[in-house]
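J.: structure, please.
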Amino acid sequence: MRVSDLARQADTTSETVRHYTDIGLLKPFRDPGNGYRHYDVADLRLLRFALKARSLGFTLADIQSLATASEEGETPCVQVRSLIERRLEEVESRIRELQALSERMRSAMTEWQDKPDCHLDDGRVCGLIDAVVGEDEARSGR
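T.: Okay, the predicted model is just below:
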């Protein structure tokens, strides 16, 4: 299969196939006559695996490590469980951070709703943001 054929069969883009090839995840055969890359069924399986793993939050480095372990005859399942547990903790932490940010943004929008737009002559950029940051600094004791 050529790049476009592999991409179509894996329901991804040719750019993704090229990138995964460039980083060494996919290892196509090069036709010496024309230099085209030719992929086989093993490449298709690995590409589909990589796309599924990416959808679960695994990094390309994770995927390469898992693929290498599999190629060496090991079962990477223990590593998969460990990685996904760590990724889940990271995602849940990031969700909490984003929820707190969302609350601060909503609070600011509510507070600013009736405040007029104004130009400040004291060198500040925007009084709206300064007022919120000032309140946050006062609350946090900075």
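J.: any idea how far the residue lying farthest from the centre of the chain is from residue 132?
T.: Residue farthest from the centre of the chain, counting by Cα atoms, centre = their mean, is residue 121 at 42.2 Å. Applying Cβ to Cβ, to the nearest Å, the value for residue 121 to residue 132 is 20 Å. Using the backbone N, CA and C atoms, a C-beta is placed for each residue, glycine as well.
J.: over to residue 57?
T.: Counting by Cβ to Cβ, the gap from residue 57 to residue 132 is 32 Å.
J.: between these two, which is the more surrounded one?
T.: Neighbours were counted for residue 57 and for residue 132 using other Cβ atoms under 10 Å; residue 132 has more, 17 against 14.
J.: mind checking which helix or strand that one is in?
T.: helix 127-140 (DSSP states H and E).
J.: can you give me the buried ones in the longest helix that the chain contains?
T.: Ordering each helix of the chain by length in residues (DSSP state H) puts helix 77-112 first. Of all the residues in helix 77-112, those buried under the rule 16 or more other Cβ atoms under 10 Å are 80, 83, 84, 108.
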